[in-house]
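> everything below, folded, please.
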Amino acid sequence: MWSHYDQTNVIILIVLSVLVLLIGIRLLVVHIEEGKLKEDTISYLEEKGYDPNADIKEIAVVDIGEDEEMNAVVVTFIDEPTVDYFYTYEKDTTHI
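The predicted structure follows:
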């Protein structure tokens, strides 16, 4: 038989394990979504005639949402090193 102390420890361990698992899943989903946004932005820029390897100095995903989660890709072009361009999906679409 388990003592009350052992049962409490098992319950705490299970709850903490579930929380860690949920946080890990959420972080993975965010990482995948950010990667997709970055890939879509690169594809969009290629469609517009840019060569990512020759024209882009820096590219990064940033959080621009205040009250809601919203990401954008910040692109700095080699020929405009002091200007940052922000790209994100149109509202409720997967179009840049």
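> over to residue 35. Which of the three states is it?
Here residue 35 is recorded as helix under DSSP: H, G, I helix; E, B strand; the rest coil.
> any idea how far it is from residue 41?
Look at residue 35 and residue 41: by CB to CB, to the nearest Å, they are 11 Å apart. Placement of C-beta: from N, CA and C, glycine included.
> got a list of what the residue minimising distance to the centre of the chain touches?
Centroid check for the chain by CA atoms, centre = their mean gives residue 34 as the closest residue, at 3.0 Å. Residues in contact with residue 34 (CB atoms under 8 Å, 6 or more residues apart in numbering) are 61, 71.
> ok so, going back, residue 35 and residue 41: which has the busier surroundings?
residue 41 (24 against 11; other CB atoms under 10 Å).
> now residue 95. Its backbone dihedrals?
When quoted as degrees, to the nearest 10, the phi and psi of residue 95 stand at phi -100, psi 130.
> show me where the chain has its strands.
56-63, 71-77, 85-87 (DSSP state E).
> any idea which of the ones you listed is most buried?
A comparison of the strands of the chain by mean neighbour count, using mean count of other CB atoms under 10 Å, puts strand 71-77 on top with a mean of 18.
> which secondary structure elements does it contact?
helix 4-47, strand 56-63, strand 85-87 (3 or more CB pairs under 8 Å, 6 or more residues apart in numbering; DSSP states H and E).
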